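> Show me how the following folds:
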Amino acid sequence: MYHVVPGGTDGSVLGAVVHPHEHSHLHRKHKMGKEGRQMMFAGVVGLLLVIMAVVSWCYYSSSLRKANMLKTELLDLSKGGFIIRSQAGAIVFRMAFRSGNLDLDSCSKEGTVLSCDRSDTRKLNFFIQTVRSKDTVMCYRVRWEETESEQPVEHAMSYNGSHWYGGAESSTQRWPISMTGNHTPKPFITSDVYANRQDFGGILERYWLSSNATAIKINDSVPFHLGWDEDQMIMRFQARYQDSPFKPDPGQPAYAELSYRVCVGFDVTSMHKYMVRRYFNKPNKVPSELVFRHPIWSTWALFKTSVDQEKVLAYAANIRKYGFNCSHLELDDGYTTGYGEFQFDLAKFPNASDMFRTLEDDGFLVSLWTHPFVNYNSSNFGECMKKGFFIRQPEGGLPALVHWWNGIGGILDFTNPDARDWYASQLQSLKDKYRGVVTFKFDAGETSYLPQQFSTVVPLRDPSLYTRRYSEMATPFKERAELRVGYQSQNISCFFRIMDRDSVWGYDLGLKSIIPTVLTISILGYQFVLPDMIGGNVYPNRTEGGQRLPDRELYIRWLELSAFMPAMRFSIPPWEYDDQVVEIARKFTELHETKVAPRVLELAAEVLDTGDPIIRPLWWIATEDEAAYKIDSQFLIGDDLLVAPVLEPGKRERDIYLPAGRWKSSRGEHKGPKHLTDYRVDLNDIAYFEWVQ
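From the prediction side, this is the model:
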């Protein structure tokens, strides 16, 4: 059969004949062309998908390699900071870079060192190195060094929901640290917080410890400034040389470097033990046993600078009359002819040699007050200036005059061996001349008494090294010597006195500040702690009620707390009140001698090997107990004696927290953890508990 196809409009032949099979072939060809295009399109799409998959895999692999590169053990680095996780995966530490973001493309990793050489704006030297890896502790060494002289470095450490301890003595001491307000970083140097209550104190170290079992130690080489932000809950660690008392090493460029170690462990106590053993000095000898057992009696709070020979002898006679022991009598400010003199004032002490013989015959050894200042009107000022014994002005010529609480004068340069020898010889001459003089009370020594700009024989890149040099002057007299300053001075085997207290109840250099302060300087490695005088200094306008004596109740509560400290110090004597106060004082000095001192001496011997605190926070034995981290009105002596004094006026009871274990008091046994509410504590009593095996 034939099929007639009509003619086309293009003039082709009409009536052309097409075979049926040819028609089918043309149809298949047309269909296959369409399918081919579809298949080709599908192939192209598939190829693109494959390419995209390969690219994605390469990108993912690269990202994975980059992510792995930016990890070192439990630490994750990002452009804006780093975090550290615990073995369980929880974030325990956060540090943010506030002086610039890292350029992660400039980072590389080799072994345990992760390093970068650019920020988002400039060149730098940065690295994080795993410095120690054990089952219990992981440490990281972090260093950010600028390559421009005017550029500071700042990192911000988050509180991260944990409690922090350490740093420095302060006027309003809190435990744990409570930094209020927002403060730009300022030099982290030793200062007199009695004179300026916003400064850091006379005992400080670049060390902090958290309840998250994390510790940070700032390197000695850092021109270190500390600030904080209460709103953001951060501590600001800054390194800078501009507008700063820190100086680079001679001949070195002033490139700021912020370097530190961060260590993470399983619990806060073992973490602190690790840090102390690795990074802290330790004393090599326990000071005089008698100072631990018997009170020191100071002339300061009772007589101030009006002390004289008659008053000293009468004071000593009353100590014996009222039946008290004495480790030594402390003759404070006011005995010399002038500040910078080492001769007794004949108007006040007409026969000092006889006075010392009488005191020694009555069993009294004596400590003399001393300091690093030589006032301009002292007979020694000219000699010291001529021989170059003073801290000098920056150009190195004239002495730099300083203002301190007793006038204006020069301050001895203890980087100068000749000045050290002269000062030591003056002290030794006093000791040799007067029978019974056994040691000295070294006052001041804070960096804050140095002029803002100064020069020394040996340049001090860190001003607080002056405190270290001054504290070394106590070494020959360490059996009974006391210092009120410390910086890298834990190996000096003498007593470290907390700053003067006012005769008030509160936290601002008052009774409530004593436990937080003792705990803080103990964490900083200073274990032979000497609290200030019982009842405080009784300064005008800084005494509860403005009286001649500390408030009676305050005095008694202060006395009870002091009996459980490593050493006791009286100045206002109990017989200035009444017979009941005298009896309470006898009771607690005996309790200190018979119960507290033997345990303290055992722990003091252990300090030489371990550096562990004698006075310990409750979390020391209760690392998983959240309540223990916030208690600032109780403490431990060792692991087994818990003390809970009354620190508020008018109270005859207090709440007490007992950690896990069995605890025994005079009223029976208690099983912790437990809160004892309204626990009765009479005025002549103190609450303490012993751990039962």
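> Glu560 contacts Ile686, doesn't it?
Yes. Between Glu560 and Ile686 there is a contact under C-beta atoms under 8 Å: 4.2 Å. Heads up, the C-betas are built off the backbone N, CA and C, glycines and all.
> Who does the spatially closest residue to Val692 that is not a sequence neighbour form a beta bridge with?
If the residues on either side of it in the chain are set aside, Val692 comes closest to Arg662, at 4.0 Å by C-beta to C-beta, 6 or more residues apart in numbering. Listed by DSSP bridges, the beta-bridge partners for Arg662 are Lys671, Val692.
> In contact with Arg662, which residues?
Each residue near Arg662 by C-beta atoms under 8 Å, 6 or more residues apart in numbering is listed here: 669-672, 691-692.
> what's the span of stretch 365-382, first residue to last?
Terminal residues of stretch 365-382 are spaced 33 Å apart (C-alpha to C-alpha, to the nearest Å).
> List the buried residues of it.
Neighbour counts using 16 or more other C-beta atoms under 10 Å place 365-375, 378, 380-381 of stretch 365-382 among the buried residues.
> Show me whatever sits in contact with both of Glu560 and Ile686.
In contact with both Glu560 and Ile686: 588, 645-646, using C-beta under 8 Å, 6+ apart.
> Please tell me how far the residue nearest to Val692 sits from Gly672.
To Gly672, Arg662 is 8 Å away according to C-beta to C-beta, to the nearest Å.
> which stretches of the stretch 301-450 of the chain aren't confidently modelled?
The model of the stretch 301-450 of the chain has no residue with pLDDT under 70.
> rerun at 80
396 (pLDDT under 80).
> Tell me which stretches of it form helices.
309-321, 352-361, 381-386, 417-433 (DSSP state H, counting those that start in this stretch).
> and the residue nearest the centre of the chain, what pLDDT?
Closest to where the C-alpha atoms of the chain average out (C-alpha atoms, centre = their mean) is Gly167, at 1.7 Å. In this model, Gly167 is scored at 98, pLDDT.
> how near is the residue nearest to it when sequence neighbours are not counted to Arg542?
Of all residues not flanking Gly167 in the chain, Trp208 sits nearest, at 5.7 Å (C-beta to C-beta, 6+ apart). Trp208 is 30 Å from Arg542, where distance means C-beta to C-beta.
> So for the two, which sits in the more crowded spot?
In this view Trp208 and Arg542 are compared by other C-beta atoms under 10 Å, and Trp208 has more residues nearby, 22 against 18.
> Residues touching whichever helix or strand the more buried one is part of, excluding its own?
Taking DSSP states H and E as the definition, Trp208 sits inside strand 204-210. In this structure, residues lying in contact with strand 204-210 by C-beta under 8 Å, 6+ apart are 92-93, 160, 162-169, 177, 188-190, 215-220, 222, 224, 235, 260, 268, 271-272, 275, 279-280, 464, 486-488, 523-525.
> Just the buried subset of the contacts of Arg662, please.
670, 672, 691.
> pretty sure Trp575 belongs to a helix, no?
Yes. According to DSSP: H, G, I helix; E, B strand; the rest coil, the state of Trp575 is that of a helix.
> tell me, how many neighbours does it end up with?
By other C-beta under 10 Å, 15 other residues sit near Trp575.
> same check, this time on Asp267
For Asp267, the tally of surrounding residues (other C-beta under 10 Å) stands at 15.
> Same check on the one 5 residues further on?
Applying the criterion other C-beta under 10 Å, we find 25 residues in the vicinity of His272.
> Once you drop chain neighbours, what's closest to it?
Distances taken as C-beta to C-beta, 6+ apart put Leu209 closest to His272, at 5.4 Å, once the chain neighbours are dropped.
> What's opposite the one you found in the beta bridge?
The partner list for Leu209 in beta bridges (DSSP bridges) reads Tyr165, Ala215.
> For it, give its distance to Ser367.
34 Å.
> repeat for Thr475
If you go by C-beta to C-beta, the gap between Thr475 and Ser367 works out to 16 Å.
> Please state the offset of the helix or strand containing the residue nearest to the centre of the chain from the chain centre?
Under the criterion of DSSP H and E, Gly167 resides in strand 164-168. Here strand 164-168 is found 4 Å from its chain centre; the criterion is C-alpha atoms, centre = their mean, to the nearest Å.
> Give me the contact list for that strand.
Strand 164-168 has contacts (C-beta under 8 Å, 6+ apart) with 175-177, 188, 200-201, 203-205, 207-211, 226, 235, 519-520, 523-524, 617.
> The next helix or strand after it - what's its average pLDDT?
Next along the chain after strand 164-168, taking DSSP H and E as the criterion, comes strand 182-187. Throughout strand 182-187, pLDDT has a mean value of 97.
> before we move on, what about stretch 518-536?
97.
> sorry, back to before: confidence score at the residue nearest to Gly167?
98.
> gap between it and Leu75?
18 Å.
> quick check: mean pLDDT across stretch 139-155?
The average pLDDT within stretch 139-155 is 96.
> Just the CA atoms of it, as CSV, please.
The C-alpha coordinates for stretch 139-155 follow below in CSV (Å, rounded to 0.1, in the frame of the first residue of the first chain):
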residue,chain,number,x,y,z
CYS,A,139,49.4,22.0,80.5
TYR,A,140,49.7,24.5,77.6
ARG,A,141,52.4,27.2,77.1
VAL,A,142,50.9,30.2,75.4
ARG,A,143,52.8,33.2,73.9
TRP,A,144,51.7,36.2,71.9
GLU,A,145,54.5,38.6,71.0
GLU,A,146,54.0,41.8,69.0
THR,A,147,56.5,43.0,66.5
GLU,A,148,55.6,46.7,66.8
SER,A,149,56.9,48.6,69.8
GLU,A,150,53.8,50.6,70.6
GLN,A,151,51.3,47.7,70.4
PRO,A,152,50.0,46.2,73.7
VAL,A,153,48.7,42.6,74.0
GLU,A,154,45.5,41.8,75.8
HIS,A,155,43.8,38.5,76.5
